[in-house]
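Attaching a predicted model along with its sequence, questions to come.
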2 protein chains.
Amino acid sequence: MREIHLQRVAPAEIEARSMEIIASELGERDIPAPQLAVVKRCIHTSADFDYADNLVFSPHAVERGVEALRKGCTIVTDTQMARAGINKRVLEGFGGRVVCFMSDPDVAAEARERGETRATVSMERAAGLEGPVVLALGNAPTALVRACQLMEEGRLRPELVIGVPVGFVNVVESKELLLSMGGEHIVARGRKGGSNIAAAICNALLYLASGDRRE
Amino acid sequence: MREIHLQRVAPAEIEARSMEIIASELGERDIPAPQLAVVKRCIHTSADFDYADNLVFSPHAVERGVEALRKGCTIVTDTQMARAGINKRVLEGFGGRVVCFMSDPDVAAEARERGETRATVSMERAAGLEGPVVLALGNAPTALVRACQLMEEGRLRPELVIGVPVGFVNVVESKELLLSMGGEHIVARGRKGGSNIAAAICNALLYLASGDRRE
């Protein structure tokens, strides 16, 4: 086994040290503080500095997301991975919860019958939820497109839409659709995004909401 | 709502169409077929073409991973996110399973007591498993370093190590350590990686193992 030189960093300090490195490499970019916390956490989860350039925030997106989380909202994800990555301890501390309808057998059955994606049907389930909702969509452009349609029809009124599907087919278009609408949103413009990015954005907002000293 | 022009692609065809786009943009790169399936699936989950350059495969990594999965091995992840992202239907079809020790209360307690990360202690738990094991580490360099030590000591003998932690503190070093060892590995060299990448690599191997026509 080769000798390697590891930095001596205590477990509790690893994240803080990572955030310092990210901040230092971001340099003098002009990103306002609350948005910066979101940008840094996306870079932390991906080591991809493209997120310093591709994230687009509506004017009150972070503030509105933080308020919703403090009220104990329901986060709806479009993958079990994003659901798994969200910090449930902090979320449940506010009385919130995270749900994902993608694996529900009735959603799969209805999607098959209608020739739609499960993601499309999932958003219709989200429209039936009581109380404040934050959508965190990191995978399926069809979820985001259906969410936009439901919002347009007034059937879905999320506090915030985190629109970060990843990929190559209708992904860019679905995000441009969300950007063209009036509501509060955080979007990773272009092809990039993912379940890890959706979870990272939720966690950044959760830490802001809880006054956690992590950025 | 702005008019957008979506490509008309049936739900079942979205993934295949995405893979065609990825293949076309990869162009004439000289990546052998089984490795290419892994590379393409990492790009599919991240929209990040860096994975065409940073993935390093030991000579029999894909073959050995596929064999292990067909035998019904245990995949050990270092996050619940990676665990959530692995296709359990296919894995369980081979009699395999995926475990993650990170949230186990006794792992957290022992880590606290010893001043180690939970990831370090998790790898010691992995060393106690019966039967063939594949490690899929997409988050914690401390997990990968401990795994390498246990392998060196002969206490852990994974069929394959998927070493794709992401980040800024000891991440690059942990992967170089794995690369310096003899075993079969798939590594995302550099800072990039993540739970999504760990899951994507497992899924690529699962689809190869099952002869799924998805690449």
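Right, received. Where do you want to start? Numbering: from 1, shown residues only, chains lettered A, B, ... in the order given.

going forward, measure contacts and count neighbours with C-alpha atoms only.
Will do.

quick one: whichever helix in chain A runs longest near chain B?
Identified as the longest helix of chain A according to DSSP state H is helix A:195-210. Yes - residues of helix A:195-210 contacting chain B under Cα under 8 Å from any Cα of the partner chain: A:195-196.

can you dump the C-alpha coordinates of that helix into PDB?
Output in PDB follows, covering the C-alpha atoms of helix A:195-210 (Å, rounded to 0.1, in the frame of the first residue of the first chain):
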ATOM      1  CA  SER A 195     -31.300  14.000  -7.200                       C
ATOM      2  CA  ASN A 196     -28.100  14.900  -5.300                       C
ATOM      3  CA  ILE A 197     -28.500  18.500  -6.300                       C
ATOM      4  CA  ALA A 198     -32.200  18.600  -5.400                       C
ATOM      5  CA  ALA A 199     -31.300  17.200  -1.900                       C
ATOM      6  CA  ALA A 200     -28.400  19.600  -1.500                       C
ATOM      7  CA  ILE A 201     -30.600  22.600  -2.200                       C
ATOM      8  CA  CYS A 202     -33.200  21.300   0.300                       C
ATOM      9  CA  ASN A 203     -30.500  20.800   2.900                       C
ATOM     10  CA  ALA A 204     -29.000  24.300   2.300                       C
ATOM     11  CA  LEU A 205     -32.400  25.800   2.900                       C
ATOM     12  CA  LEU A 206     -32.900  23.600   6.000                       C
ATOM     13  CA  TYR A 207     -29.600  24.700   7.500                       C
ATOM     14  CA  LEU A 208     -30.500  28.300   6.800                       C
ATOM     15  CA  ALA A 209     -33.900  27.800   8.400                       C
ATOM     16  CA  SER A 210     -32.500  26.200  11.500                       C
END
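
distance between that helix and the chain's centre?
With Cα atoms, centre = their mean, to the nearest Å as the basis, helix A:195-210 stands 7 Å off its chain's centre.

which other helices and strands contact it?
Under the contact criterion of 3 or more Cα pairs under 8 Å, 6 or more residues apart in numbering or on different chains; DSSP states H and E, helix A:195-210 touches helix A:33-46, helix A:61-70, helix A:80-85, helix A:88-93, strand A:133-137, strand A:160-163, helix B:195-210.

Residues touching that helix, excluding its own?
Helix A:195-210 is contacted by residues A:34, A:37-38, A:41-42, A:45-46, A:62, A:65-67, A:69-70, A:79, A:81-83, A:85-87, A:90-91, A:136-139, A:162-165, A:213-215, B:195-196 when judged by Cα atoms under 8 Å, 6 or more residues apart in numbering or on different chains.

Filter those residues down to the buried ones and hand me the PyMOL line.
Buried residues among the contacts of helix A:195-210 (16 or more other Cα atoms under 10 Å in any protein chain shown), as a PyMOL selection:
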select buried, (chain A and resi 37+38+41+42+45+46+62+65+66+67+69+70+79+81+82+83+85+86+87+90+91+136+137+138+139+162+163+164+165+215) or (chain B and resi 195+196)
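
Please report the distance of the residue nearest the centre of chain A from A:V164.
Central residue of chain A (Cα atoms, centre = their mean): A:A198, 2.7 Å from the mean position. From A:A198 across to A:V164, the span is 6 Å (Cα to Cα, to the nearest Å).

now A:E20
Distance from A:E20 to A:V164, by Cα to Cα: 25 Å.

pretty sure A:M151 is touching A:V161, no?
No - at 10.5 Å, A:M151 and A:V161 do not qualify as touching, with contact defined as Cα atoms under 8 Å.

The two: who's more crowded?
The neighbour count for A:M151 versus A:V161, taken as other Cα atoms under 10 Å in any protein chain shown, is higher for A:V161 (25 against 19).

show me what contacts that one?
So A:V161 contacts A:134-137, A:183-186 (Cα under 8 Å, 6+ apart).

cool, A:L179 as well?
A:185, A:187 are the contacts of A:L179 under Cα under 8 Å, 6+ apart.

what's the distance between it and A:V161?
From A:L179 to A:V161 the distance is 10 Å (Cα to Cα).

Over to stretch A:187-197 now: how far is its first residue from its last?
Span of stretch A:187-197 from end to end, Cα to Cα: 10 Å.

quick check: mean pLDDT across that stretch?
Average pLDDT, stretch A:187-197: 98.

Flag every buried residue along it.
Those would be A:187-197, for stretch A:187-197 by 16+ other Cα under 10 Å.

Distance to A:R155 added to the residues you listed, as CSV?
Formatted as CSV, the buried residues of stretch A:187-197 follow (distance: Cα to Cα, whole Å):
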residue, distance to A:R155
A:V187, 21
A:A188, 25
A:R189, 25
A:G190, 27
A:R191, 28
A:K192, 28
A:G193, 26
A:G194, 26
A:S195, 25
A:N196, 28
A:I197, 26
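
rewinding a little: what is in contact with A:A198 and A:V164 at once?
Common contacts of A:A198 and A:V164, defined by Cα under 8 Å, 6+ apart, comprise A:136-138.

between those, which is closest to chain B?
A:G138 (10.1 Å; Cα to the nearest Cα).

and that closest one, what is it in contact with?
Counted by Cα under 8 Å, 6+ apart, A:G138 has contacts A:77-79, A:82, A:162-166, A:193-198.

With A:C73 instead?
With Cα under 8 Å, 6+ apart, A:C73 has these contacts: A:95-97, A:131-134.

In a markdown table: those, plus distance to A:A111, neighbour count and pLDDT.
As requested, these are arranged in a markdown table below (distance: Cα to Cα, whole Å; neighbours: other Cα atoms under 10 Å in any protein chain shown; pLDDT from 0 to 100):
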| residue | distance to A:A111 | neighbour count | pLDDT |
| --- | --- | --- | --- |
| A:G95 | 31 | 14 | 98 |
| A:G96 | 28 | 20 | 98 |
| A:R97 | 25 | 20 | 98 |
| A:G131 | 25 | 12 | 96 |
| A:P132 | 25 | 17 | 98 |
| A:V133 | 23 | 26 | 98 |
| A:V134 | 23 | 24 | 98 |
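
how close does A:K192 get to chain B?
Separation of A:K192 from chain B (Cα to the nearest Cα, to the nearest Å) stands at 5 Å.

looking at this, that residue is in a helix?
No - checked against DSSP: H, G, I helix; E, B strand; the rest coil, A:K192 lies outside a helix; its state is coil.

May I ask you to confirm that it is in contact with A:V169?
No - under the criterion of Cα under 8 Å, A:K192 makes no contact with A:V169, lying 11.9 Å away.

Sounds good, over and out.
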